[in-house]
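A.B. asks: Structure for this input, please:
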Amino acid sequence: MAIVSYKFKVGQTVDLIPSVSRLAANGHYQIVSRRPSEGEIPHYRIKSMGELHERVVAENELTLLGKSGA
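C.D. replies: Numbering: from 1, shown residues only. Below is the predicted model of the structure:
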C-alpha cells in the first residue's frame with residue numbers, strides 16, 4: 001500500500017473547482033475529514049454552508065481558497 005501525501009488539512013477552507021457534470025453549491029467549502037485514498041489521489045469529505053449534506057471529492061477537484069481553478 002502506497003503512502004499518500006495530503007495537500008489539505010482538516011478544518012481548512014477550500015474552493016471546489018466547477019464542473020459541468022456536478023451540481024454543487026457556490027461558495028467555499030470546509031475540509032471535514034481526510035478519506036482513504038482511492039489509488040494515488042487523496043480524497044476528502046467537504047461541507048458547504050450552502051448545503052445540508054457533505055461531499056466526498058478527490059484532491060484534484062479542490063483548490064486553495066482564492067486561487068483560480070486548474
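A.B. asks: quick one: contacts of stretch 19-26?
C.D. replies: L16, P18, S48, G50, E51, R55, E61 (Cβ atoms under 8 Å, 6 or more residues apart in numbering). To be clear about C-beta, it is placed using only N, CA and C from the backbone, and glycine gets the same treatment.
A.B. asks: For those, name the two members farthest from one another.
C.D. replies: Comparing every pair within the contacts of stretch 19-26 by Cβ to Cβ identifies G50 and E61 as the most remote, at 17.0 Å.
A.B. asks: Who has more neighbours out of the two?
C.D. replies: Neighbours per residue (other Cβ atoms under 10 Å) separate G50 from E61, with E61 holding more: 21 against 11.
A.B. asks: And the nearest residue to that one once chain neighbours are set aside, how close does it get to I3?
C.D. replies: Distances taken as Cβ to Cβ, 6 or more residues apart in numbering put I17 closest to E61, at 5.4 Å, once the chain neighbours are dropped. Distance check for I17 against I3: by Cβ to Cβ, to the nearest Å, it reads 25 Å.
A.B. asks: Quick check on these two: which one has the bigger neighbour count.
C.D. replies: A direct count of neighbours by other Cβ under 10 Å for I17 and I3 places I17 higher, at 15 against 5.
A.B. asks: just checking, the residue nearest to E61 touches E59?
C.D. replies: No - with contact defined as Cβ atoms under 8 Å, I17 does not count as touching E59 (10.7 Å).
A.B. asks: Mind listing the shared neighbours of those two?
C.D. replies: Joint contacts of I17 and E59 (Cβ under 8 Å, 6+ apart) do not exist.
A.B. asks: partners of the least confident helix or strand in the chain by mean pLDDT in the sheet?
C.D. replies: Lowest mean confidence among the helices and strands of the chain (mean pLDDT, DSSP states H and E): strand 28-38, at a mean of 90. Applying DSSP bridges, strand 28-38 is found paired with strand 13-16 (antiparallel), strand 41-48 (antiparallel).
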